[in-house]
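A.B. asks: Sequence first, then the predicted structure:
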Amino acid sequence: MKNKKIENKVAQSFSDAKPDVYDAVSAQCPTRASASTAAKRSSVGGWRIATCALAAILVVAIVFGGVALGLRGGSTAVAATVTLDVNPSISVSVDKNNYVVGVEALNMDGEKIIGDMDFKGSHIGVAVYALIGKMVVNGKLSLDANSILVSIEAAQSDYDALLDIVSNEIEYMFGDASIVSQRLDDTARARELSEKYGISVGKAQLIVKILDKVPGKYAEEQLVSLKINELNLILDGLGMAGEEVAQTGSANDGKYIGREAAIAAALATVSVGQPPANVRCKMDFEDGAMIYEVEFVHGDWEYEIGIDALTGETLSYEREPLTKVQGTPVSQEEAKAKALELAQVPQEDRANLTVHAQTKTDDGETEYEINFVYNGYAYEFELDGFGNVRAASKRQPSATGTLGYDDVKQRVVEEVTKNSRFTSLKLSEIRDWEIELDYERGNKVYDIEFKWNNYEFDCKLDPNTGAFTFEAEIDD
């Protein structure tokens, strides 16, 4: 009876359409904050207004010389390089005394943050404080997306002291930051990835570390498209902090439904009322979607349920028995029928549906793997020899993130050249590509920027609906 209730709940979860979710509200300087962070903001006494004001003053001071801030003529020899990735991406080179030799924007967002500021001769602490402050003012760092990657290329003997200076300035300007830090190892693989996708070497190195941690789990171009905050959430889920990278603070998931809502959705999938004492919840990235993985033990089963981080929809379902399951054996045809029933495929549609079924033996026990595509979704089921659901998943084959990096570029060119002003645009002539996966109003979209001739383009592409918008302006 218990198994039947669970199977009914799984079927209901898979049949429900994705619900609308709340509009994600970015916390912007100085007054906007999302509902999930309102209490937190109140508790820190308006720090954002104060830091934004300080940042603005500091930016003006740097633009116009800022002698009182300790600007001076320094050495031109570069002793170390600090890269700040949010997005924007900015590289700061310093001399042996940690005074700025040069500042370089590594992408268009970085160019917008640097603007007219001239940091040469200022201390690294002053430069970092001003850059982070301007990112806060421009909404690039917020309470809902609070992660920043600090990558330092320096001698090991200088790394810790330089990281302390940079981290202290970030925390002083933006106290809720989650800082991911690493020493650049100058690996050929990271530099190759950086050149291939037009990202910083620091972000590329972080991605390489994630790929090496769980080989075969992620596609590199999917990770490249994610923002630093999403990568930081993945780091949390993989438990990598303290191994290959250091981390202070926690990445905020305020753009998503939140862990409590994810746990509630997972428990509802299997008709569990009160959360078990052993429930665990972490974030991950699968098939182009940020998900919450919720694990717990209930009754005679251990569960792992994947919840869409944006919508709360159940995307995957796995369970393992704590003790050996007994029952009446079922045939492969009976297992197929049960899978179609769980997916709520009408009887009249089954005759023309291609269903792939495979029978396996694991430790002497029979298992059935059933998969098919119906109504735009790909379904996968795993049942034991007694017809109990062991695993189930439902995914859209065209879900965001499954588009290849080159596919995104080609789609952009096709759309932009429909405009009479840009019919001569060619893929081979485009430079400075920036492609990132973002999450807006419950939807996943690609944010795309590039340069062509004397234009800068800012585009958005929804891979699920094909909706495309762009703006173009003269590049000064």
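C.D. replies: Sure thing, it's come through. From a predicted model like this one, the values you see are computed outputs, not experimental measurements. Numbering: from 1, shown residues only.

A.B. asks: since we're on residue 189, how many residues are nearby?
C.D. replies: Using other CB atoms under 10 Å, residue 189 is surrounded by 14 other residues. Glycine gets a C-beta too; all of them are placed from N, C-alpha and C.

A.B. asks: ok, now how distant is residue 204 from residue 149?
C.D. replies: 11 Å (CB to CB, to the nearest Å).

A.B. asks: Kindly report the same for residue 282.
C.D. replies: 20 Å.

A.B. asks: just residue 444 next, same as before
C.D. replies: For residue 444, the distance to residue 149 (CB to CB) stands at 22 Å.

A.B. asks: And residue 113, by the same measure?
C.D. replies: Counting by CB to CB - residue 113 and residue 149 are separated by 15 Å.

A.B. asks: Quick check: which ranges of the stretch 201-350 of the chain have low pLDDT?
C.D. replies: Low-confidence segments of the stretch 201-350 of the chain, defined by pLDDT under 70: 243.

A.B. asks: show me where it has strands.
C.D. replies: Assigned by DSSP state E, counting those that start in this stretch, the strands in the stretch 201-350 of the chain fall at 246-248, 280-286, 289-298, 301-308, 314-321.

A.B. asks: so which of those strands gets nearest residue 198?
C.D. replies: strand 280-286 (20.6 Å; CB to CB).

A.B. asks: In which helix or strand does residue 368 reside?
C.D. replies: strand 365-374 (DSSP states H and E).

A.B. asks: need the helices for the stretch 351-476 of the chain, in chain order.
C.D. replies: 405-416 (DSSP state H, counting those that start in this stretch).

A.B. asks: Do you have the strands of it handy? List them.
C.D. replies: Using DSSP E, counting those that start in this stretch, strands in the stretch 351-476 of the chain cover 356-362, 365-374, 377-384, 389-395, 431-440, 443-452, 455-461, 468-474.

A.B. asks: mean confidence score for the second one?
C.D. replies: Looking back up the chat, that one is strand 365-374. Strand 365-374 comes out with an average pLDDT of 91.

A.B. asks: Check which helices and strands it is in contact with.
C.D. replies: Secondary-structure packing of strand 365-374 (3 or more CB pairs under 8 Å, 6 or more residues apart in numbering; DSSP states H and E): helix 332-342, strand 356-362, strand 377-384.

A.B. asks: Please find the angle between the direction vectors of it and strand 389-395.
C.D. replies: Interaxial angle, strand 365-374 versus strand 389-395 (axes from the mean of the first three to the mean of the last three CA atoms, to 10 degrees): 20 degrees.

A.B. asks: Same question for the first one.
C.D. replies: If you take the same axes, to 10 degrees, strand 356-362 sits at 140 degrees to strand 389-395.

A.B. asks: picking that back up, what's the closest of the helices and strands packed on strand 365-374 to residue 139?
C.D. replies: strand 377-384 (35.1 Å).

A.B. asks: per-domain residue ranges of the chain.
C.D. replies: 2-22+257-395, 35-248, 405-474 (automatic domain parsing).

A.B. asks: which of those sits most buried?
C.D. replies: Burial of those is given as mean neighbour count (mean count of other CB atoms under 10 Å); domain 35-248 ranks first at a mean of 19.

A.B. asks: Distance from the chain centre to that domain, please.
C.D. replies: 17 Å (CA atoms, centre = their mean, to the nearest Å).

A.B. asks: what do you get for stretch 374-392?
C.D. replies: Using CA atoms, centre = their mean, the offset of stretch 374-392 from its chain centre is 28 Å.

A.B. asks: do stretch 319-331 as well
C.D. replies: The answer for stretch 319-331 is 37 Å, by CA atoms, centre = their mean.

A.B. asks: End to end on it, go ahead and measure it.
C.D. replies: From its first residue to its last, stretch 319-331 covers 21 Å (CA to CA, to the nearest Å).

A.B. asks: hey, where'd the strands end up in the stretch 1-150 of the chain?
C.D. replies: 80-85, 89-94, 100-105, 147-153.

A.B. asks: mind putting those strands in CSV, distance to residue 252 and mean pLDDT included?
C.D. replies: Formatted as CSV, the strands of the stretch 1-150 of the chain follow (distance: least, CB to CB, whole Å; pLDDT from 0 to 100):
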stretch, distance to residue 252, mean pLDDT
strand 80-85, 17, 97
strand 89-94, 20, 97
strand 100-105, 26, 95
strand 147-153, 8, 96
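
A.B. asks: Distance to residue 219 added to these, as a markdown table?
C.D. replies: As requested, the strands of the stretch 1-150 of the chain are exported to a markdown table (distance: least, CB to CB, whole Å):
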| stretch | distance to residue 219 |
| --- | --- |
| strand 80-85 | 20 |
| strand 89-94 | 21 |
| strand 100-105 | 28 |
| strand 147-153 | 20 |
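
A.B. asks: Quick one, which of those strands gets closest to residue 431.
C.D. replies: Residue 431 lies closest, by CB to CB, to one member of those: strand 100-105, at 14.1 Å.

A.B. asks: can you give me phi and psi for the residue of the chain most remote from its centre?
C.D. replies: Computed with CA atoms, centre = their mean, the residue of the chain farthest from its C-alpha average is residue 328, at 44.3 Å. Per-residue torsions, residue 328: phi -90, psi 120 (degrees, to the nearest 10).

A.B. asks: Which residues are in contact with it?
C.D. replies: Contact analysis of residue 328 by CB atoms under 8 Å, 6 or more residues apart in numbering lists 386-387.

A.B. asks: and the gap between it and residue 335?
C.D. replies: 13 Å.

A.B. asks: Need the overlap of contacts for those two.
C.D. replies: Joint contacts of residue 328 and residue 335 (CB under 8 Å, 6+ apart) are residue 387.

A.B. asks: Quick one: neighbours of residue 249, just the number.
C.D. replies: 18.

A.B. asks: Identify the residue spatially nearest to it, adjacent ones excluded.
C.D. replies: Residue nearest to residue 249 in three dimensions, not counting chain neighbours: residue 178, with 3.7 Å by CB to CB, 6 or more residues apart in numbering.

A.B. asks: Starting from residue 97, give me the distance back to the residue nearest in space to the middle of the chain.
C.D. replies: By CA atoms, centre = their mean, the chain has its centre lying nearest to residue 230, at 2.5 Å. Relative to residue 97, residue 230 is positioned 36 Å away (CB to CB).

A.B. asks: Can you name the residues in contact with the strand holding residue 368?
C.D. replies: With CB under 8 Å, 6+ apart, strand 365-374 has contacts from 329, 332, 335-336, 339-340, 343, 345, 349, 353-361, 378-385, 390, 397.

A.B. asks: could you dump the strands of the stretch 201-350 of the chain to JSON lines with distance to residue 140?
C.D. replies: As requested, the strands of the stretch 201-350 of the chain are exported to JSON lines (distance: least, CB to CB, whole Å):
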{"stretch": "strand 246-248", "distance to residue 140": "19"}
{"stretch": "strand 280-286", "distance to residue 140": "21"}
{"stretch": "strand 289-298", "distance to residue 140": "19"}
{"stretch": "strand 301-308", "distance to residue 140": "26"}
{"stretch": "strand 314-321", "distance to residue 140": "30"}
